[in-house]
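> make a model of this:
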Amino acid sequence: MRFLPSDSLLEAVGACALWSTGPVVAVVIGGYPRLAELRRKRSVEAAQRAQRVTLARDLHDFVAHDVSGIVALAQAARFVADSDPGRALETLARIEAAGLQALDTMDRAVRMLRDLTGEPGATAAAEPNLADLPALLERFADPVRVAADLDLDLVGRVPPEVGASAYRLVTEALTNVRRHAPTATAVSVSLRRAPGPALAVTITNDGPAGRRPPRAAPGGTSGLAELGQRIHLLGGSLTACAHGDGWRVAALLPLEPA
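Next comes the predicted model:
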């Protein structure tokens with residue numbers, strides 16, 4: 001400022017603006033790539049968080065279901081081992097199948113973890129859908145009697161996210177039967193097309209009356225609560241309430257975007 005030819009305020013402001021042009025341009029040119037890199041890192045972190053949530057959901061929905069089934073089958077085998085060895089051997093075969101299924105789910109989780117860390121060879125596994133329901137119900141059918149009313153014509157005709165949500169709902173409901181209604185002897189699963197068009201999924205068990213719905217664990221949410229949020233985002237609805245002497249979980253999933 002001392003080298004300006006005059007003390008005019010207007011000339012001083014103009015000189016400052018002129019001299020600041022270079023540094024401002026340098027900051028803009030140098031800052032844009034850094035801003036783009038920051039946005040890229042945030043996007044990657046958000047994708048990784050989403051994958052971690054998916055991994056946690058898979059572990060809860062599928063591994064917990066298979067492990068609870070293994071426990072129930074092991075208890076049943078222990079009771080019939082002396083009186084009916086043949087039945088005990090069949091139960092052991094089901095335990096083996098449930099254990100292999102749990103291992104498959106763990107392998108899927110490991111592949112997802114490798115994908116999170118950028119390790120080579122990681123591949124995304126497809127989510128289970130309606131076509132996998134018969135196998136799921138077959139694994140659950142001992143010692144509980146399962147009555148299935150499945151419209152298998154819907155397989156391949158529903159959006160992938162709807163099919164995956166329906167499968168997860170059935171898995172969570174069956175897992176809750178193992179955990180909260182151990183005396184249940186029968187479970188009915190219905191999968192039908194409803195007006196809308198929509199997919200109606202209903203799971204009912206004959207457990208004793210007075211059972212309370214599963215509560216969320218401290219610091220987290222219950223599986224049904226998370227599924228309810230997921231189904232709500234798809235434009236559907238989920239209800240869970242007492243039904244006779246047992247419990248009913250019902251969902252309505254739209255087959256077309258709202």
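
> tell me who's in contact with residue 251.
By C-beta atoms under 8 Å, 6 or more residues apart in numbering, the contact list for residue 251 reads 165, 166, 169, 200, 201, 202, 227, 231, 236, 237, 238, 239. The way it works is simple: take the backbone N, C-alpha and C, and place the C-beta from them, glycine included.

> state the pLDDT value of the fourth one.
Confidence at residue 200, expressed as pLDDT, is 92.

> try the first one
For residue 165, the pLDDT comes out at 87.

> identify the residues contacting it.
Shown in contact with residue 165 (C-beta under 8 Å, 6+ apart): 227, 230, 231, 234, 236, 251, 253.

> and the second one, how far from residue 131?
The gap separating residue 230 from residue 131 is 20 Å, by C-beta to C-beta, to the nearest Å.

> the more surrounded of the two?
residue 230 (17 against 13; other C-beta atoms under 10 Å).

> in which helix or strand does the closest residue to that one other than its chain neighbours reside?
With C-beta to C-beta, 6 or more residues apart in numbering as the criterion, residue 230 has its nearest non-adjacent residue at 5.8 Å, and that residue is residue 165. Element membership for residue 165 (DSSP states H and E) is helix 160-180.

> CA atoms only for that helix, dumped as CSV, please.
Extracted C-alpha coordinates of helix 160-180, given in CSV (Å, rounded to 0.1, in the frame of the first residue of the first chain):
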residue,chain,number,x,y,z
PRO,A,160,-35.9,-58.5,-6.8
GLU,A,161,-36.1,-56.2,-3.8
VAL,A,162,-39.6,-57.4,-3.1
GLY,A,163,-38.7,-61.1,-3.3
ALA,A,164,-35.7,-60.6,-1.1
SER,A,165,-37.8,-58.7,1.5
ALA,A,166,-40.4,-61.5,1.5
TYR,A,167,-37.7,-64.1,2.0
ARG,A,168,-36.2,-62.2,4.9
LEU,A,169,-39.6,-61.7,6.5
VAL,A,170,-40.3,-65.5,6.4
THR,A,171,-36.8,-66.2,7.8
GLU,A,172,-37.2,-63.7,10.6
ALA,A,173,-40.7,-64.9,11.5
LEU,A,174,-39.5,-68.6,11.7
THR,A,175,-36.5,-67.6,13.7
ASN,A,176,-38.8,-65.8,16.2
VAL,A,177,-40.9,-69.0,16.4
ARG,A,178,-37.8,-70.9,17.5
ARG,A,179,-36.8,-68.2,20.0
HIS,A,180,-40.1,-67.0,21.5
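
> what pairs with the following helix or strand past it, and is each one parallel or antiparallel?
Next along the chain after helix 160-180, taking DSSP H and E as the criterion, comes strand 186-194. In the sheet, strand 186-194 lines up against strand 145-150 (parallel), strand 198-205 (antiparallel) (DSSP bridges).
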